[in-house]
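In: The sequence and its predicted three-dimensional model are supplied below.
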Amino acid sequence: MVSKYEIDLIGYKCPIPILKIKKKIESLSKGDNLFVKASDPMLKIDLPLFCMEGNCKIISINDYEDFISFKLELI
């Protein structure tokens, strides 16, 4: 069964979002989804690089007025 988790990183600047995502991912299982809300635009660059080296893939990225949302799947 796929579980869904959410982490709110609005207000945090690099490198804190990646560190918090990494910590959260360590507690999840393969196939789980992680929804991330963040305000740091650099995460659109940092998160794909993190996922390429890690055990997750980006399913979607959505830009909103005040934040960016990401959907990750653990692989």
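Out: Thanks, I have it.

In: Would you map the strands across the chain?
Out: Here the chain has its strands, by DSSP state E, at 4-9, 33-38, 56-63, 68-74.

In: I'd like a version of the ones you listed in JSON lines, one that adds mean pLDDT, mean neighbour count and distance to residue 21 as further columns.
Out: For glycine as for every other residue, the C-beta is placed from the backbone atoms N, C-alpha and C. Below are these laid out as JSON lines (pLDDT from 0 to 100; neighbours: other Cβ atoms under 10 Å; distance: least, Cβ to Cβ, whole Å):
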{"stretch": "strand 4-9", "mean pLDDT": "97", "mean neighbour count": "14", "distance to residue 21": "7"}
{"stretch": "strand 33-38", "mean pLDDT": "98", "mean neighbour count": "20", "distance to residue 21": "6"}
{"stretch": "strand 56-63", "mean pLDDT": "96", "mean neighbour count": "13", "distance to residue 21": "8"}
{"stretch": "strand 68-74", "mean pLDDT": "97", "mean neighbour count": "19", "distance to residue 21": "8"}
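
In: With distance to residue 49 added, can I get these in JSON lines?
Out: Shown next, in JSON lines, are the strands of the chain (distance: least, Cβ to Cβ, whole Å):
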{"stretch": "strand 4-9", "distance to residue 49": "16"}
{"stretch": "strand 33-38", "distance to residue 49": "15"}
{"stretch": "strand 56-63", "distance to residue 49": "11"}
{"stretch": "strand 68-74", "distance to residue 49": "13"}
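
In: Looking at the ones you listed, spot the one closest to residue 19.
Out: Nearest to residue 19 among those is strand 4-9 (10.0 Å), distances taken as Cβ to Cβ.

In: quick one: strands adjacent to that closest one?
Out: If you go by DSSP bridges, strand 4-9 pairs up with strand 33-38 (parallel).
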